[in-house]
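Participant: any chance you could fold what I've pasted below:
(2 chains)
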Amino acid sequence: MLRSNILKSSKRLLATTAEQSTVNSNTEKTWSSGSKSDSFKAGKNYREALLNGVPKNGPPSLRSRKYKLRYTSPVGINEAFDEAYEFLKTKSQNKYELLSKETDSDKQHQLKIEAEINNPEVKFNFEFNEKLENDQRYIDYTQPVYRELKKKHWENYGQMLLMQRLESLAVIPDTLATLEPKAEVSLKFSNHTGVNRWIEPGMLLSSNSTTYSPTIKIQEFDNVDISNELYTVLIVNPDVPDIEKNSYKTQLQWGLSNVKLDFNDNVISPKKLLEDKSINEIIDYSPPVPEKNLPNQRFVTWVFRQNNVQLNEKISTRDFDIREFVEQKKLLPIGAHVWRSSWDLNVANVRDLYGLPNGTVFQKVRGKHPLN
Amino acid sequence: MSLLTGNIKVWRFQSFLKSTSLNNINNNSTGNINGININQIRTATKKVAGSRTNMRDSAGRRLGAKVAENEPVKIGQILYRQRGTKFYPGENASIGKDHTIFAMEPGYVRFYMDPFHPKRKFIGIALKSELRLPTPHFEPRVRRLGYLPIEDKSKAQFEENNLSRKNHLLKPQILQDLKQRQINRDVLLDNYSQKLSKLIPNLSNEDNKLLSKRYLLIKTHLQNGSKLIESQSIATFIYLQNIKLNLQQQQNSQIENKFDELKQNYLELIKLGDLSISFDNKFNLIPYLSENDRLLKIKELDSQLNSIFNDKNSNRNKIKEQIKSLIYNNNLCTNTERKLLISKYLKTILSEPIGLVNKSDKKQSSISKRWNYVKNKVDIIARSKESFAFK
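Facilitator: You can find the predicted model right below:
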């Protein structure tokens, strides 16, 4: 059913008010059974306007009555929209028909995306709702189309920023050779400070904020069998001073394996750590305690797929060769994150809390003695 | 316009003719045009002898390599002097303003090419004599620490306390702020523990302290936008982590058992606490209220306000005060709910058809003017007393 009467459009040419819509608001305009259209964050009136045209009292995006009254729809826009909508709908139905015959998983995934990617409701849901901490009622990442949209969104900024930071801070190749990012890794410290803020890769954090282990969110985009997949998370510090060798060594700050994730519920938070007994803690969390007068230290979070292999190993020593470990356990790196720490007045308190020995104080001026 | 351009074209043609005829004259060294004899003379244009400006070459600038391949060098040592960049600085080398290449690290000189810049030649420093440059692209960098620890304990202590000017100046203020925050926190803690002892009467002092600390932390997380369940688990997690660390430092032989015991006790305690305590909208502790119960109470408030609002018999001003106090003193509604209630019950002028009267009846009505965007003119609106909820 068309949203507006074509005969009325001639009148609308002269009208200064919003068009009178002759809408049956109950018309069902959802393309797939999976789209959860009845719950809509932006309000019912937004959804109705999106699917059924501009209502009688002006578009809902205009708040003030003044502007609502002034609003005039462009001539023929509703008819054009209807035509376009019908066209896209038939195209999408074609895709669904193809999908019902398809058996290959990857192609099915692609068809599912193609069928819904032009759905105005899907686009609206994604555009106007929280993407990182998603509400499943509006953005449901179990649906391939939302994952695809999020992937595009991430590739436009987040991924580029991450890779730039990893390269300019020489995280690659200092820890692992390189990274082909497949999943978005976000990190924050939900701890005694109460600060609730996602960390941008490369940020310099105080020793107070990193006292307790971070909360890590891993958003998968690929068509993986997520119910069977296991994940490993390693946090390494490649900047531990090695005075004997006059160089640096790598330490493992925290290690988790056998982490089960979901497309929506994918945060390794204190809650998950308390409840999920299947998670194997390779080594317990050791906070950043940089030494005085040394350059900033990098703390690199690496996330791996385990390829369905259980990893029940525990490590007791902190000295760590991440390249060897990854090769041995056949882990596939899918994402990374990095933050930096430097010495501050609170480091001594953190050492005290964790029972670590006093930090070494280094000379302010860098010496000239060569590498052995 | 066309006239003007026509003129220019004509003028250009004439000048072209002139120049061609002159060229003809020049080509013949002597010629006879219209009976005039022209003899061309070549005058001297070049100085025969040398002058002061020549022969003033500077001494050689001693450019070129100052070190050989694999030669050990110190920091800052000059490797190559050049005009322009014949060589580029490679690994652990840098370039000066006159393009002099010098060492940034002690090591061994390498002249090399890099596949990433096939047209450039590099001079770099390998930190070890056996290393080749460039370092393979995917291998970790070879790095020199260079910093030495201060062995003398008192000197080390002195250096640790030594702050930059900026931090030194900031430190007293930071300490003061810390102290103030601690005081504020103590006040809140005290408040919470008093409330707790009322809400859960038979609670031991220690448990009271634990729970009030827990709720203080949950409060900060809630204020920063975390969800209640998340905040609760963060508080639990941090407490457990703290006791674990504490036990590890005591080097107790039965750490595991002790930890499990303490953990069990704490989990039972918080189960009791979380089932008997909630937060109100100003983060005070109140008896436990589930979300559904809270919504029910808000509904009750709404209906109560409705009945008061529609009470025709009592004084409207008094009603307004009553509604205000009910809305603003309610400790269960969220900010959004409060705003909705305010817009519903504290509006002075009721929505439109109520109380609109004919404007001719001026004594009975109050007149206001409003711009009508549809008709593009001013509307005069007359309202009777009915249309005002309060005076």
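Participant: phi and psi next, for the nearest residue to A:Q159 once chain neighbours are set aside.
Facilitator: Once flanking residues are discounted, A:Q159 sits nearest to A:P181: 5.5 Å by Cβ to Cβ, 6 or more residues apart in numbering or on different chains. Backbone N, C-alpha and C define where each C-beta goes, glycine included. Main-chain dihedrals, A:P181, degrees, to the nearest 10: phi -70, psi 130.
Participant: one more: A:L252?
Facilitator: Per-residue torsions, A:L252: phi -90, psi 120 (degrees, to the nearest 10).
Participant: my guess is it meets A:V236, correct?
Facilitator: Yes. With contact defined as Cβ atoms under 8 Å, A:L252 reaches A:V236; the gap is 5.7 Å.
Participant: quick check: closest non-adjacent residue to B:M113.
Facilitator: Of all residues not flanking B:M113 in the chain, B:K121 sits nearest, at 6.2 Å (Cβ to Cβ, 6+ apart).
Participant: what's around that neighbour, how many residues?
Facilitator: Residues near B:K121, counting by other Cβ atoms under 10 Å in any protein chain shown, number 15.
Participant: residues contacting the residue nearest to A:Q159?
Facilitator: A:P181 sits next to A:Q159, A:L162, A:M163, A:I334, A:G335, A:A336 when contact means Cβ atoms under 8 Å, 6 or more residues apart in numbering or on different chains.
Participant: all helices of the stretch 151-300 of chain A, in order?
Facilitator: A:158-168, A:171-174, A:270-275 (DSSP state H, counting those that start in this stretch).
Participant: what's the distance between the closest residue to A:F320 other than its chain neighbours and chain B?
Facilitator: Leaving aside its chain neighbours, A:F320 sits nearest to A:L252 (3.8 Å; criterion: Cβ to Cβ, 6+ apart). Distance, A:L252 to chain B, by Cβ to the nearest Cβ, to the nearest Å: 16 Å.
Participant: for the stretch 151-300 of chain B, which residues are neighbours of chain A?
Facilitator: The stretch 151-300 of chain B has residues B:156-157, B:159-160, B:167, B:171, B:174, B:217, B:220-221, B:223-226, B:229-230, B:233-234, B:236-238, B:240-242, B:245, B:248-249 near chain A, with proximity defined as Cβ under 8 Å from any Cβ of the partner chain.
Participant: who in the stretch 101-250 of chain A is up against chain B?
Facilitator: Counting by Cβ under 8 Å from any Cβ, the stretch 101-250 of chain A sits next to chain B at A:170, A:173-175, A:177-178, A:190-196, A:212, A:238, A:241-243, A:245-248.
Participant: would you map out the domains in chain A?
Facilitator: Per the record, chain A has its domains at A:6-145, A:158-354, by automatic domain parsing.
Participant: residue closest to the middle of chain B?
Facilitator: Closest to where the C-alpha atoms of chain B average out (Cα atoms, centre = their mean) is B:N224, at 17.4 Å.
Participant: between the helices of the stretch 151-300 of chain A, which gets nearest to B:R144?
Facilitator: helix A:171-174 (14.1 Å; Cβ to Cβ).
Participant: isn't B:Q77 up against B:A103?
Facilitator: Yes. Applying Cβ under 8 Å, one finds B:Q77 in contact with B:A103, separated by 4.9 Å.
Participant: which strands or helices does the host helix or strand of A:G335 pack on?
Facilitator: Assessed by DSSP states H and E, A:G335 sits inside strand A:332-341. When contacts are defined as 3 or more Cβ pairs under 8 Å, 6 or more residues apart in numbering or on different chains; DSSP states H and E, strand A:332-341 sits against helix A:158-168, strand A:183-188, strand A:204-205, strand A:215-220, strand A:297-305.
Participant: which of those is buried the deepest?
Facilitator: strand A:297-305 (a mean of 24; mean count of other Cβ atoms under 10 Å in any protein chain shown).
Participant: do that one and chain B meet?
Facilitator: No. If you take Cβ under 8 Å from any Cβ as the test, strand A:297-305 misses chain B, and the best it gets is 12.1 Å.
Participant: output the contacting helices and strands for the following helix or strand past that strand.
Facilitator: Next helix or strand after strand A:297-305 toward the C-terminus (DSSP H and E): helix A:322-329. When contacts are defined as 3+ Cβ pairs under 8 Å, 6+ apart, helix A:322-329 packs onto strand A:230-242.
Participant: tell me where chain A is predicted with low confidence.
Facilitator: Applying pLDDT under 70 to chain A flags residues A:1-43.
Participant: hey, which helix is longest across it?
Facilitator: Longest helix in chain A by number of residues (criterion: DSSP state H): helix A:77-101.
Participant: identify each buried residue in that helix, please.
Facilitator: Neighbour-count burial for helix A:77-101, with 16 or more other Cβ atoms under 10 Å in any protein chain shown as criterion, is recorded at A:N78, A:F81, A:Y85, A:S92, A:K95, A:Y96, A:L99.
Participant: reformat those residues as JSON lines; add distance to A:Q310.
Facilitator: Output for the buried residues of helix A:77-101, formatted as JSON lines (distance: Cβ to Cβ, whole Å):
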{"residue": "A:N78", "distance to A:Q310": "58"}
{"residue": "A:F81", "distance to A:Q310": "53"}
{"residue": "A:Y85", "distance to A:Q310": "50"}
{"residue": "A:S92", "distance to A:Q310": "41"}
{"residue": "A:K95", "distance to A:Q310": "38"}
{"residue": "A:Y96", "distance to A:Q310": "38"}
{"residue": "A:L99", "distance to A:Q310": "34"}
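Participant: wait, which of those residues is closest to B:A65?
Facilitator: A:K95 (67.3 Å).
Participant: quick check: bridge partners of the closest residue to A:H337 other than its chain neighbours?
Facilitator: Distances taken as Cβ to Cβ, 6+ apart put A:T301 closest to A:H337, at 4.2 Å, once the chain neighbours are dropped. Beta-bridge partners for A:T301, by DSSP bridges, are A:I235, A:H337.
Participant: get me the contact residues on the stretch 251-372 of chain A for chain B.
Facilitator: A:269-271, A:273-275, A:292-294, A:345, A:353-355, A:359-364, A:366-371.
Participant: so how do I select the buried members of the residues you listed in ChimeraX?
Facilitator: Command for ChimeraX that selects the buried part of these, burial taken from 16+ other Cβ under 10 Å:
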select /A:269,270,271,273,292,293,294,345,353,354,359,360,361,362,363,366,370,371
